[in-house]
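In: With the input below, show me the fold.
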Amino acid sequence: MNDTVDKLVLFLGKRSGIDKLVKTIQYTSKLAHWHLLKTHPQIANRAKQWEIAAGLSRKAYRTGQFLTAFNDIRRNPGRTDLLRTLAVLGNAGQMVYYFFDHLVWLARIGVIDGKNASRMSFISAFGEALWYVFNITADLILIKAGIREERKIKTASSDSDSEQGKAKIEKIKMDRVMRLMGMAADSADFAIAIADVEPNPFCNHVITLGISGLISAWAGWYRNWPS
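Out: Reported below is the predicted structural model:
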């Protein structure tokens, strides 16, 4: 599949694909609002409305997503005891994140009482932050294991020169790139989650939030773009 339009259509056909597009719009609008607020307040206000609409849309797209985390615990717990533990803890955090994120969305659109929205947002962000910590830890372990496996293949000259050996090394390298992209996205999203869990001048600054959101979105574009 070499046609860019075909790839874009396939990408946007996935829930994760449309989420990354809308996330790019959301955080680009956030940065645009901050940049234009003093010089063009009317345009800045429109950018702010677009940011809010994009954020609410993303919450709607994620409806039922906590079930994916639950199913991952059932179906794909990990190869070792450590990875299984990290997977269970990470997916538990993801379930908390998405479940309370649904409630925050319902509160913001007026379906349920919004008096507890800030508390639900805190719980959601806390679960999200834990999810990213366990994800990053698991990725580091798997990257390290991949490097050891690659060195082992290269040490055996007959294996490294064979087509099968080259294919294994290429697969390990591609897995490493994908995991590094995942870590970049998780680290950026972790900074955004911390802005809710423990507000501070750095994480809550518009530039930090905007750039973190775009890093996460673009890493997601890379990982989900059809090959």
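In: Please identify the longest helix in this structure, counting by residues.
Out: helix 117-155 (DSSP state H).
In: just checking, what packs against that one?
Out: Under the contact definition 3 or more Cβ pairs under 8 Å, 6 or more residues apart in numbering; DSSP states H and E, helix 117-155 sits against helix 81-108, helix 157-161, helix 163-197. (C-beta placed from N, C-alpha, C; glycine too.)
In: tilt between it and helix 81-108?
Out: Here the directions of helix 117-155 and helix 81-108 differ by 150 degrees (axes from the mean of the first three to the mean of the last three Cα atoms, to 10 degrees).
In: Now find how far off-centre helix 117-155 is within its chain.
Out: 11 Å (Cα atoms, centre = their mean, to the nearest Å).
In: Pull out the buried residues from it.
Out: By neighbour count with 16 or more other Cβ atoms under 10 Å, helix 117-155 contains the buried residues 117, 120-121, 123-139, 141-143, 146, 150, 153.
In: and it, what's its mean pLDDT?
Out: Helix 117-155 comes out with an average pLDDT of 94.
In: Around A167, how many other residues sit close by?
Out: Residues contacting A167 under the criterion other Cβ atoms under 10 Å number 10.
In: and the gap between it and A217?
Out: Distance, A167 to A217, by Cβ to Cβ, to the nearest Å: 32 Å.
In: Contacts for stretch 61-73 next, please.
Out: Stretch 61-73 is contacted from outside by 15, 18-19, 22, 87-88, 91-92, 94-95, 97-99, 101-102, using Cβ atoms under 8 Å, 6 or more residues apart in numbering.
In: and what of stretch 22-31?
Out: With Cβ under 8 Å, 6+ apart as the criterion, stretch 22-31 contacts 47-48, 50-51, 54-55, 57-58, 61, 206-207, 209-214, 216-218, 220-221.
In: again, only this time at 7 Å
Out: Under the contact criterion Cβ atoms under 7 Å, 6 or more residues apart in numbering, stretch 22-31 has outside partners 47, 50-51, 54-55, 57-58, 206, 209-210, 213-214, 216-217.
In: before we move on, back to that, just say which of the helices and strands packed on helix 117-155 is most tucked in.
Out: Highest mean neighbour count among the helices and strands packed on helix 117-155 (mean count of other Cβ atoms under 10 Å): helix 81-108, with a mean of 19.
In: Can you check what angle separates that helix from helix 163-197?
Out: Going by the same axes, to 10 degrees, helix 81-108 makes 40 degrees with helix 163-197.
In: looking at this structure, which helix or strand does the model trust least?
Out: helix 157-161 (a mean of 62; mean pLDDT, DSSP states H and E).
In: Using TSV, please lay out the contacts of stretch 22-31 together with secondary structure.
Out: Output for the contacts of stretch 22-31, formatted as TSV (DSSP: H, G, I helix; E, B strand; the rest coil):
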residue	secondary structure
A47	helix
W50	helix
E51	helix
A54	helix
G55	helix
S57	helix
R58	helix
V206	helix
L209	helix
G210	helix
G213	helix
L214	helix
S216	helix
A217	helix
